[in-house]
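1. below is the sequence, then the predicted model.
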Amino acid sequence: MSEQRQIITNRVAFLETKIPSYAAVLGIVCLLVVWEIICRLEIVPPLFLPAPTAILLAGWDMIASGELYKDLIASLYRIGVGYAIGAALGVLVGLILGFSRWTDAIASPIVYSIYPIPKIALLPLIILWMGIGEMPKVAIIALGVFFPVVINTFSGVKNVDPMLIKAAVTFGSNHLNVIRKVILPASLPMIFAGLKLSAGTSLLLLVSAEMVAAQEGIGAMVLHYGNLMITTKLMVGVLILSLLGLTFNRVLQWLERKLIPWK
Amino acid sequence: MRIVVENVDKTFVDSKKREVTALTNINFSIEKEEFVVLVGPSGCGKSTLLNIVGGLMSPTSGTVYFEGTNGKKPSLGIVFQEIALFPWRSVYENVIFGLEEAGASKQEQQEKGKQYIEMVGLSGFENAYPKQLSGGMRQRAGIARALAIEPDLLLMDEPFSALDAQTRTIMQEELLTIWNRTKLSTLYVTHNIQEAVYLADRVIVLSRHPGQIKSIIQIDMPKIGRDQEQYRAQFEQYADQIWQLIRHDAQEASREG
């Protein structure tokens, strides 16, 4: 019988394959090397696609001259203030809409009909209202962040386990405490989904608004060097935007882990 | 303080707009320091009744009231079948939730929190989140949360039905020990007859369609040690008496799925 034995092996081992940590860097490094080689061999003219090393050198020059700093600060200010306002209002309105059936019935149709409008289409109108200062850019970002956050917060609130609300009420919570101690923490995962979604939107709106109407900022800088056909400096702007997006996501992830330790 | 349930009826309107009578003509009381168990087949409305007593549902007619409150606002502690711990709160924070909402001082919260966590045997797990606990331990925390407010009425809705058989037996024993120390007026819902006979001072047997009280049975055995040899015959007698009362209904219920 022993020669007929069949050992049973784990046939789903591929689900648990271990990946070495350098794998994450591998793809990016390969891409950069191929890109550099293409540029060095002059397969593509440097005007159309500058080499990574050229972009880095240009970036270094712009940092040294303080030019980049000025644009970055202007952009960070707009996105920071706009995002904060949009997110705070979004969470607040989402909680209210979700908690009260009256506000839900009255305000939800309004929210859902404004939500699909690409917010950048409202920029001319907002400039008309607020002038051409910082206000309309901040406002357009806040508006773009507000809606996804509201809708996610709202569905987070609607999905709170009613047992938990009953439990809180039994142990003496009033309405305010039910919102503060049950509905808000229970909806945090959904709120964060909304915050992450709108992080991308806010970056998009920042660049668009700066391209339409701004003297300073990464978006204005990219457009400016595009017009001058200085593509290395243009690419520095693009690189900064990519880093900005990455950092933004990292910060949100970190915050999520801090605020939702029970998951 | 005693709790009186008087002429309670509950009708629902189902999805086909038909009226369904869940409970009719429910009359009973829970005396001070009495452990009352509601037992009945599934669909007899026992959880509905518990929800009405707990103030989580309104009866169609009839009333539930505390008698002899002497101006004090009576408090309720509920242990839920689904346990319903707050996942974002640690064991300690869950246990003191009711005290927090009642406006107890930080010191009182700490003292009672510690005392009741110890009583349910969760010392050392104060900082764990519910997700990190086993089912039995979660329900211990749920019980501690209800006990911590030292309620005038403790309601328990099939608290051990989600636990495995071994854990359930242990929890029943421990519940009796805890009850013996706190002597809270308790209304306990279960479909398990052995559990009812093991825990109750009085068993209220409900029947279905419509849910009404079929019989109220006084259990004349000492509260502690009913599982001992000398009470076995008496225990079996009570269990059998209850089973005969609900057998027909239970068979019907199982056919309906």
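-> Received, thanks.
2. measure the residue nearest to residue A:184 when sequence neighbours are not counted to chain B for me?
-> Closest residue in space to residue A:184, ignoring its immediate chain neighbours: residue A:95 at 6.7 Å, by Cβ to Cβ, 6 or more residues apart in numbering or on different chains. In this view, the C-beta of every residue, glycine as well, is placed from N, C-alpha and C. Residue A:95 sits 16 Å away from chain B, going by Cβ to the nearest Cβ, to the nearest Å.
3. neighbours of residue A:95, just the number please.
-> If you count neighbours by other Cβ atoms under 10 Å in any protein chain shown, residue A:95 ends up with 21.
4. also residue A:262?
-> Residue A:262: 15 surrounding residues under other Cβ under 10 Å.
5. name the helix or strand for it, please.
-> Residue A:262 is part of no helix or strand when elements are defined by DSSP states H and E.
6. tell me the spacing between it and chain B.
-> Residue A:262 is 4 Å from chain B, where distance means Cβ to the nearest Cβ.
7. run through the residues that contact that residue.
-> The contact partners of residue A:262, taken as Cβ atoms under 8 Å, 6 or more residues apart in numbering or on different chains, are B:87-89, B:129-131.
8. so out of everything in the stretch 151-257 of chain B, what residue is nearest chain A?
-> residue B:155 (8.4 Å; Cβ to the nearest Cβ).
9. and the helices in the stretch 101-250 of chain B?
-> Taking DSSP state H, counting those that start in this stretch, the helices of the stretch 101-250 of chain B run over residues B:106-119, B:135-148, B:165-182, B:193-199, B:232-256.
10. the last one packs against which elements?
-> In other words, helix B:232-256. Contact here means 3 or more Cβ pairs under 8 Å, 6 or more residues apart in numbering or on different chains; DSSP states H and E; on that basis helix B:232-256 packs against helix B:193-199, strand B:202-207, strand B:212-218.
11. quick check: angle from that helix to strand B:202-207?
-> Inter-element angle recorded for helix B:232-256 and strand B:202-207: 30 degrees (by axes from the mean of the first three to the mean of the last three Cα atoms, to 10 degrees).
12. quick one: buried residues of helix B:232-256?
-> Judged by neighbour count using 16 or more other Cβ atoms under 10 Å in any protein chain shown, the buried positions of helix B:232-256 are B:235, B:238-239, B:242, B:245-246, B:249-250, B:253.
13. enumerate the residues of chain A near chain B.
-> By Cβ under 8 Å from any Cβ of the partner chain, the part of chain A that sits against chain B consists of A:161, A:163-164, A:166-173, A:177, A:181-182, A:185-186, A:188, A:260-263.
14. residue numbers of the stretch 51-200 of chain B in contact with chain A?
-> For the stretch 51-200 of chain B, the residues found near chain A under the criterion Cβ under 8 Å from any Cβ are B:54-56, B:75-78, B:80, B:82, B:84-89, B:97-98, B:101-102, B:129-131, B:145, B:149.
15. among those residues, which are in helices?
-> Counting by DSSP state H, the members of these that fall within helices are B:97-98, B:101, B:145.
16. for those residues, work out which two are farthest apart.
-> The distance between the two most remote of those (Cβ to Cβ) is 11.2 Å, for B:101 and B:145.
17. look at those two and report which has more neighbours.
-> Ranked by neighbour count (other Cβ under 10 Å), residue B:101 and residue B:145 place residue B:145 first, with 33 against 18.
18. which residue sits closest to the more buried one, ignoring its sequence neighbours?
-> In space, residue B:145 is closest to residue B:95, 5.0 Å off (Cβ to Cβ, 6+ apart).
19. can you count the residues close to the one you found?
-> The number of residues packed around residue B:95, counting by other Cβ under 10 Å, is 31.
20. any low-confidence regions in chain A?
-> A:1-2 (pLDDT under 70).
21. report the secondary structure state of the most centrally placed residue in it.
-> Compute the mean C-alpha point of chain A, and by Cα atoms, centre = their mean the closest residue is residue A:199, 1.9 Å away. Secondary structure for residue A:199, judged by DSSP: H, G, I helix; E, B strand; the rest coil, is helix.
22. quick one: it from residue A:184, how far?
-> For residue A:199, the distance to residue A:184 under the criterion Cβ to Cβ, to the nearest Å works out to 21 Å.
23. what sits in contact with each of residue B:101 and residue B:145?
-> Common contacts of residue B:101 and residue B:145 (Cβ under 8 Å, 6+ apart): residue A:171.
24. ok, the residue nearest to residue B:126 when sequence neighbours are not counted - contacts?
-> Of all residues not flanking residue B:126 in the chain, residue B:92 sits nearest, at 4.0 Å (Cβ to Cβ, 6+ apart). Taking Cβ under 8 Å, 6+ apart, we find residue B:92 in contact with B:113, B:117, B:126-127.
25. A strand includes residue B:26, no?
-> Yes. Per three-state DSSP, residue B:26 lies within a strand segment.
26. pLDDT score for the closest residue to chain A within the stretch 101-250 of chain B?
-> Residue of the stretch 101-250 of chain B nearest chain A, by Cβ to the nearest Cβ: residue B:101 (3.7 Å). With respect to pLDDT, residue B:101 scores 91.
27. wait, what's in contact with it?
-> By Cβ under 8 Å, 6+ apart, the residues touching residue B:101 are A:168, A:171-173, A:177.
28. ditto for residue A:114
-> Contact analysis of residue A:114 by Cβ under 8 Å, 6+ apart lists residue A:147.
29. how much space separates it from chain B?
-> 32 Å.
30. where does that residue fall, phi/psi-wise?
-> Geometry field for residue A:114 lists phi and psi as phi -90, psi -30, criterion degrees, to the nearest 10.
31. in CSV, list the helices and strands packed on helix B:232-256 along with mean pLDDT and mean neighbour count.
-> Converted to CSV, those look like this (pLDDT from 0 to 100; neighbours: other Cβ atoms under 10 Å in any protein chain shown):
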stretch, mean pLDDT, mean neighbour count
helix B:193-199, 89, 22
strand B:202-207, 90, 22
strand B:212-218, 86, 15
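32. which element is residue A:223 on?
-> helix A:218-227.
33. ok so, going back, name the nearest residue to the residue of the stretch 101-250 of chain B closest to chain A, ignoring sequence neighbours.
-> Per Cβ to Cβ, 6+ apart, closest to residue B:101 is residue A:172, 3.7 Å.
34. give the helix, strand or coil label for the one you found.
-> Under three-state DSSP, the three-state class of residue A:172 is coil.
35. what sits against it?
-> Applying Cβ under 8 Å, 6+ apart, the residues contacting residue A:172 are B:75, B:98, B:101-102, B:149.
36. do residue A:75 as well
-> Here residue A:75 is in contact with A:206, A:210, A:217-219, A:244 (Cβ under 8 Å, 6+ apart).
37. now neighbour count too, for those residues, in TSV please.
-> Shown next, in TSV, are these (neighbours: other Cβ atoms under 10 Å in any protein chain shown):
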residue	neighbour count
A:206	27
A:210	24
A:217	26
A:218	27
A:219	27
A:244	19
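38. for residue B:45, report the pLDDT, please.
-> Residue B:45 is assigned a predicted lDDT (pLDDT) of 83.
39. can you get me a residue count around it?
-> Counted with other Cβ under 10 Å, the neighbours of residue B:45 add up to 26.
40. if we ignore the residues flanking it in sequence, what's nearest it?
-> What sits nearest to residue B:45 in space, not counting adjacent residues and going by Cβ to Cβ, 6+ apart, is residue B:211, at 3.2 Å.
41. which outside residues touch stretch A:232-252?
-> Outside of stretch A:232-252, the residues within contact range by Cβ under 8 Å, 6+ apart are A:46, A:50, A:54-55, A:57-59, A:62, A:68, A:71-72, A:75, A:79, A:192, A:195-196, A:199-200, A:203, A:207, A:218-219, A:221-222, A:225-226.
42. can you list the low-confidence ranges for the stretch 101-250 of chain B?
-> For the stretch 101-250 of chain B, applying pLDDT under 70 flags no range at all.
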